[in-house]
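> build me a model from this:
(chains A and B)
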Amino acid sequence: EPEVTQTPSHQVTQMGQEVILRCVPISNHLYFYWYRQILGQKVEFLVSFYNNEISEKSEIFDDQFSVERPDGSNFTLKIRSTKLEDSAMYFCASRPKGFLETQYFGPGTRLLVL
Amino acid sequence: SQQGEEDPQALSIQEGENATMNCSYKTSINNLQWYRQNSGRGLVHLILIRSNEREKHSGRLRVTLDTSKKSSSLLITASRAADTASYFCATCLMNSGGYQKVTFGTGTKLQVIP
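Residues are numbered from 1 along each chain as shown, chains lettered A, B, ... in the order given. Model (predicted):
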């Protein structure tokens, strides 16, 4: 069964450094999402992406964040200058076109900012 | 309260017992989904129930949805130690542009004691 994959599974970085989190959505999916989950808290929506542009973003998704689909398979989340509070699990999700289709989540990348 | 609040926050039961988790939400939805998350791991989609459905079964899982009360419940029957995890409800609303907004609840941490 096809699945969403994410790399790396874990990343440790110094405060102020840039990180790029990578996701490979399921191949025929058209909508892509990033979520984050701070340890012990709920999963929070960051951004949705469709047709090569952001369709919706939350207030968390400020100018430090950007998303890109550089080729036909990868979907990336970049954090330009990481802060301590960016430490979280980041989940990518994708879904096919369709009114009621569910989102399929990747296994997540655990980011630790020191 | 926030969209997607689960109760109880934590539940501890003996193996073989049934576990019931509840989710309440505030806005209209197109569907509601339940996810499972093992500690520090990714999200696993369990079941989706559409807004025009009242009950759905999948193996040992039974989900109900009451749109008039804006609430859902997840019942796990004959629980096993391997069911120990956090369980999240997620409400889904499609807007007129076809974009899907998924909002996660706060989660119920289930512990099944062998």
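> now residue A:85. Its backbone dihedrals?
Dihedral pair for residue A:85: phi -70, psi 0, per degrees, to the nearest 10.
> for residue A:9, same thing?
Dihedral angles for residue A:9 - degrees, to the nearest 10 - are phi -80, psi -30.
> so what's the residue count around it?
11 (other CB atoms under 10 Å in any protein chain shown). C-beta coordinates here come from the backbone N, C-alpha and C atoms, glycine included.
> and residue A:112, by the same measure?
Residues near residue A:112, counting by other CB under 10 Å: 14.
> which non-adjacent residue is nearest it?
Ranked by CB to CB, 6 or more residues apart in numbering or on different chains and with sequence neighbours excluded, the top spatial neighbour of residue A:112 is residue A:12, at 4.7 Å.
> same thing with residue B:83?
Using CB to CB, 6+ apart and skipping residues adjacent in sequence, the residue nearest residue B:83 is residue B:112, 5.0 Å away.
> show me what from chain B comes close to chain A.
With CB under 8 Å from any CB of the partner chain as the criterion, chain B meets chain A at residues B:4, B:30-31, B:33, B:35, B:40-45, B:48, B:50, B:88, B:90, B:92, B:94, B:97-107.
> on that earlier part again, which element is the residue nearest to residue B:83 on?
Per DSSP states H and E: residue B:112 is located in strand B:108-113.
> could you do residue B:6 as well?
strand B:5-7.
> partners of that strand in the sheet?
Sheet pairing of strand B:5-7 (DSSP bridges) gives strand B:19-24 (antiparallel).
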